[in-house]
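**Student:** Okay, predicted coordinates and the sequence, questions at the end:
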Amino acid sequence: MTTTSVTFPFSNRFATELPELAVAWQSEDAPDPRVLMLNDQLATELGLDPDALRAPDGVGLLTGNAVPPGATPVAQAYAGHQFGGYAPRLGDGRALLIGELTDRDGRLRDLHLKGAGRTPFSRGGDGRAAVGPMLREYVVSEAMHALGVPTTRALGVVATGRDVRRETILPGAVLARVASSHLRVGTFQYVASTGDVELLRRLADHAIERHHPAAATAEHPYRALFEAVVAAQADLVARWMLVGFVHGVMNTDNMTISGETIDYGPCAFMEAFDPQAVYSSIDVGGRYAYDNQPVIAEWNLARFAETLLPLLADEQDTAVALAVESLGLFRERYSTTYGAGLRSKLGLPATVEDTVAAGLGAELFDLLRGSHVDWTNGFRALGTAARGDYEPIRGLSVDLVALDEWLARWQALGPDPALMDRTNPVYIPRNHLVEEALDAATAGDLDAVQRLVDVIEQPFEERPGLERYAAPAPQDFGRYTTYCGT
Ligand code: AMP
Ligand code: MG
């Protein structure tokens, strides 16, 4: 291990403020590192020179093989409910937090490496990640960012030159992930289970300072922290629903305190509208199906509330009552954010009453489901209908009588096509295109991944020649299945 000569200005706030949750560790060496993807725009936002990141010291930073001054790489401890069952000790089994950077806007951002080798939390795992899944996280997280959904970002993917043994032998890679932090509900669960209330308070104070600073001056700071996380998660899941995103593994260790989407494993964008859509190979009960996501988020927040009880009040009963009351904000906030988003998707002006907008939305969903209309293309075609051309949406539908009747009532409300085009994307990372691009990349050709990223970076701007990126999967693509822990 070497120290880089280029100055990448890191801090080690997490490692020094919460040493009980941090195991100082170093990444496995990468024998033949090769930069596969680098996010120049994000690098610049972080105050890092993209050319320096491509140079040997930079590649060392992106693989963890060179530790920048000021950084203390650590594996973070956390617990979590996985599919409803509690696991007391998860932690970074194949990832390291390198440290924090202050970005151009003065915000603290984590640099975290996924696939950096075994750690004390690896259990039976090999600590590694394969090129395909790391590029998948790169593509999907950047798509989410471009769609305006809060998310961790991808700074780069570096092939390590090591093999990873899965069903077959695959090339290994490290993803450099940037997040406003890696504090999770599971981090609080881990601390709560130690029974150390002072540590819990320190963690909560750290979370307040980094993510919800207004809570510090509230009358009840820890209750305000809880409510801020409830609000952030209600907003987040509402946004997922509006873009048709299925996270796939909403375990409490995959739910952030910041309100950013994290952990792109078995996620997928829904194509034909189906409230029960589920893609993950292991989610046989459909716990994390599209329509369940709000209720699961609320369940996870109840687990978060349980960890905070010692900070909410001296009396357990009082603390529980406060937590229940605050958790009640979730449904209200979710409805407000979702309702406003749906209104924009339908292009409806503010003068249309909420109940009218919600009723139209519910009727539309029945039509979309009945005709297996592609979620993304259906809303985009409605934008064209708002301009007077009904053919695209009619072409996607089966029950034309019901559709025409709905369109007439909606059109009478004066939908705004420009608002719809700003709200309803043309391009999402289509599952079949993602798979096609990842297969090519695994075989050594990165062109398709780069092209896909270029397309999804401007999701709302329809461009000629990109028709195949807006088309649903061909029939023979079949039922799409995604995998965790790949
Ligand atoms: P995830 O499904 O990515 O949220 O991971 C759940 C837990 O499994 C975390 O504690 C991970 O660190 C751990 N994990 C996932 N993949 C591996 C791997 N290849 N080696 C070691 N630990 C892993
Ligand atoms: Mg995870």
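**Tutor:** Cool, the structure landed. Predicted model, so just to flag it, every value in this text is computed and none were measured. Ligands and ions are numbered 1, 2, ... in the order given.
**Student:** avg pLDDT for the host helix or strand of Ala297?
**Tutor:** Assessed by DSSP states H and E, Ala297 sits inside helix 293-312. The average pLDDT within helix 293-312 is 98.
**Student:** Does anything pack onto that helix? Which helices or strands?
**Tutor:** helix 185-194, helix 197-211, helix 221-243, helix 316-327, helix 329-345 (3 or more CB pairs under 8 Å, 6 or more residues apart in numbering; DSSP states H and E). For every residue, glycine as well, the C-beta is placed using N, CA and C.
**Student:** Show me how this structure divides into domains.
**Tutor:** 2-179, 185-330, 348-415 (automatic domain parsing).
**Student:** Tabulate those domains (TSV), appending distance to Ile456 and mean neighbour count.
**Tutor:** Below are the domains of the chain laid out as TSV (distance: least, CB to CB, whole Å; neighbours: other CB atoms under 10 Å):
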stretch	distance to Ile456	mean neighbour count
domain 2-179	4	20
domain 185-330	10	19
domain 348-415	12	17
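**Student:** Please name whichever of these is nearest to Arg430.
**Tutor:** domain 185-330 (7.3 Å; CB to CB).
**Student:** what's the spacing between the closest one and its chain's center?
**Tutor:** 13 Å (CA atoms, centre = their mean, to the nearest Å).
**Student:** Could I get the CA-only coordinates of the helix holding Ala297 as CSV?
**Tutor:** Coordinates of each C-alpha in helix 293-312 appear next as CSV, following Å, rounded to 0.1, in the frame of the first residue of the first chain:
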residue,chain,number,x,y,z
GLN,A,293,-42.7,-0.3,-1.7
PRO,A,294,-44.5,2.5,0.3
VAL,A,295,-45.7,0.0,2.9
ILE,A,296,-42.3,-1.6,3.2
ALA,A,297,-40.7,1.8,3.6
GLU,A,298,-43.1,2.6,6.4
TRP,A,299,-42.3,-0.8,8.0
ASN,A,300,-38.6,0.0,7.8
LEU,A,301,-39.1,3.4,9.4
ALA,A,302,-40.9,1.7,12.3
ARG,A,303,-37.8,-0.4,12.8
PHE,A,304,-35.8,2.9,12.7
ALA,A,305,-38.1,4.4,15.3
GLU,A,306,-37.5,1.5,17.6
THR,A,307,-33.8,2.2,17.7
LEU,A,308,-34.4,5.9,18.7
LEU,A,309,-36.8,5.2,21.6
PRO,A,310,-34.1,5.8,24.3
LEU,A,311,-33.5,9.2,22.9
LEU,A,312,-37.2,10.2,22.5
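**Student:** That helix and ligand 1, are they touching?
**Tutor:** No - Helix 293-312 does not reach ligand 1 (CB under 6 Å from any ligand atom); its nearest approach is 13.4 Å.
**Student:** Spell out which residues of the stretch 151-300 of the chain are next to ligand 1.
**Tutor:** So far as CB under 6 Å from any ligand atom goes, the stretch 151-300 of the chain lies against ligand 1 at Val249, Asp253, Asn254, Asp263, Gly265.
**Student:** typo on my end, the stretch 1-150 of the chain
**Tutor:** Counting by CB under 6 Å from any ligand atom, the stretch 1-150 of the chain comes close to ligand 1 at Leu90, Gly91, Asp92, Gly93, Arg94, Phe121, Ser122, Gly125, Asp126, Gly127, Arg128.
**Student:** Apply 8 Å and report the result again.
**Tutor:** Contacts of the stretch 1-150 of the chain with ligand 1, taken as CB under 8 Å from any ligand atom, map to 78, 80, 82, 90-95, 115, 118-119, 121-129.
**Student:** Can you flag which of these belong to strands?
**Tutor:** Gly80, Gln82, Ala95 (DSSP state E).
**Student:** Same list, those residues, but as a markdown table with pLDDT and distance to Leu466 please.
**Tutor:** What follows is these, written out as a markdown table (pLDDT from 0 to 100; distance: CB to CB, whole Å):
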| residue | pLDDT | distance to Leu466 |
| --- | --- | --- |
| Gly80 | 98 | 39 |
| Gln82 | 97 | 39 |
| Ala95 | 98 | 34 |
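**Student:** so which of those residues would you say is closest to Val191?
**Tutor:** Using CB to CB, those come closest to Val191 at Gly80, 12.5 Å.
**Student:** And the strands in this protein?
**Tutor:** 2-3, 10-11, 22-24, 34-38, 66-67, 74-76, 80-82, 85-87, 95-102, 108-114, 153-165, 169-179, 245-246, 268-269.
**Student:** Redo those as TSV? Include distance to Leu48.
**Tutor:** What follows is the strands of the chain, written out as TSV (distance: least, CB to CB, whole Å):
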stretch	distance to Leu48
strand 2-3	17
strand 10-11	11
strand 22-24	23
strand 34-38	10
strand 66-67	14
strand 74-76	20
strand 80-82	31
strand 85-87	35
strand 95-102	8
strand 108-114	9
strand 153-165	8
strand 169-179	10
strand 245-246	28
strand 268-269	30
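**Student:** ok, of the ones you listed, where does mean pLDDT dip lowest?
**Tutor:** Among these, strand 2-3 scores lowest, at a mean of 46.
**Student:** Double-check Val237 against Val295; I have them as touching.
**Tutor:** No - using CB atoms under 8 Å, Val237 makes no contact with Val295, being 9.6 Å away.
**Student:** looking at it, Gly127 is touching Leu96, isn't it?
**Tutor:** No - counting by CB under 8 Å, Gly127 does not reach Leu96; the two are 9.8 Å apart.
**Student:** Which neighbours do these two have in common?
**Tutor:** Ala116, Thr119 (CB atoms under 8 Å, 6 or more residues apart in numbering).
**Student:** any idea how far Asn39 is from ligand 2?
**Tutor:** Per CB to the ion, to the nearest Å, Asn39 is found 21 Å from ligand 2.
**Student:** Tell me who's in contact with that residue.
**Tutor:** Contacts of Asn39 (CB under 8 Å, 6+ apart): Tyr138, Glu142, Arg153, Ala154, Leu155, Gly156.
**Student:** With adjacent residues omitted, what lies nearest to the fourth one?
**Tutor:** By the measure of CB to CB, 6 or more residues apart in numbering, the closest residue to Ala154 outside its immediate chain neighbours is Tyr138, 3.9 Å from it.
**Student:** Would you check that that neighbour makes contact with Val157?
**Tutor:** Yes - if you go by CB under 8 Å, Tyr138 and Val157 touch, sitting 5.4 Å apart.
**Student:** Name the residue closest to the centre of the protein, please.
**Tutor:** Nearest to the mean C-alpha position of the chain, by CA atoms, centre = their mean, lies Thr261 at 2.5 Å.
**Student:** Could you list the low-confidence segments of the protein?
**Tutor:** 1-7, 485-486 (pLDDT under 70).
**Student:** Tell me which residue of the stretch 151-300 of the chain lies closest to ligand 2.
**Tutor:** Closest contact between the stretch 151-300 of the chain and ligand 2, by CB to the ion, is at Asp263 (4.1 Å).
**Student:** List the contacts of the nearest residue to that residue once chain neighbours are set aside.
**Tutor:** Counting by CB to CB, 6+ apart, Asn254 is the residue found nearest to Asp263 once chain neighbours are left out, at 4.3 Å. By CB under 8 Å, 6+ apart, Asn254 lies in contact with Gly80, Arg184, Gly186, His247, Ile262, Asp263.
**Student:** Then Gly91?
**Tutor:** Applying CB under 8 Å, 6+ apart, the residues near Gly91 are Val23, Ala75, Gln76, Ala77, Tyr78, Thr119, Pro120, Phe121, Tyr190.
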